[in-house]
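>>> Curious how this folds, go ahead:
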Amino acid sequence: MESYLSSYSPKSVTYVDYLKLLLLRPILAISFAFSMILLGWFLAWKLVLVHVPLVQEICGLLKKPVKPKPVTHRRLSRFYSGTNANNSTSGW
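Take a look at the predicted model:
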């Protein structure tokens, strides 16, 4: 039994272990963080930002139909057009 323990040595570090430690783990960590940022942005866009009028205007998402203004769109123009009609019928 003693010979078994003396022959046991800790695993030596190989080239693959260095590759995992120095390249693979940072790449995976950065890609995970980037994917979380993208997921958060996508959710914020779909749930909140699409409904904000300023963002809609900036991104060109808001397509308001342009209604032409009527000729008599103010109170004063309606008032004076009514008085002109009354004056022409009364004969002044």
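
>>> How many residues are close by Leu49?
15 (other C-beta atoms under 10 Å). Heads up, the C-betas are built off the backbone N, CA and C, glycines and all.

>>> quick one: it and Leu61 touch, right?
No - with contact defined as C-beta atoms under 8 Å, Leu49 does not reach Leu61; the gap is 9.8 Å.

>>> shared neighbours of the two, anything?
Common contact partners of Leu49 and Leu61 (C-beta atoms under 8 Å, 6 or more residues apart in numbering): Val55.

>>> packing partners for the host helix or strand of Ser35?
Assigned by DSSP states H and E, Ser35 falls within helix 25-47. Helix 25-47 is packed against no helix or strand, with contacts defined by 3 or more C-beta pairs under 8 Å, 6 or more residues apart in numbering; DSSP states H and E.

>>> And the average pLDDT for that helix is what?
Mean pLDDT, helix 25-47: 95.
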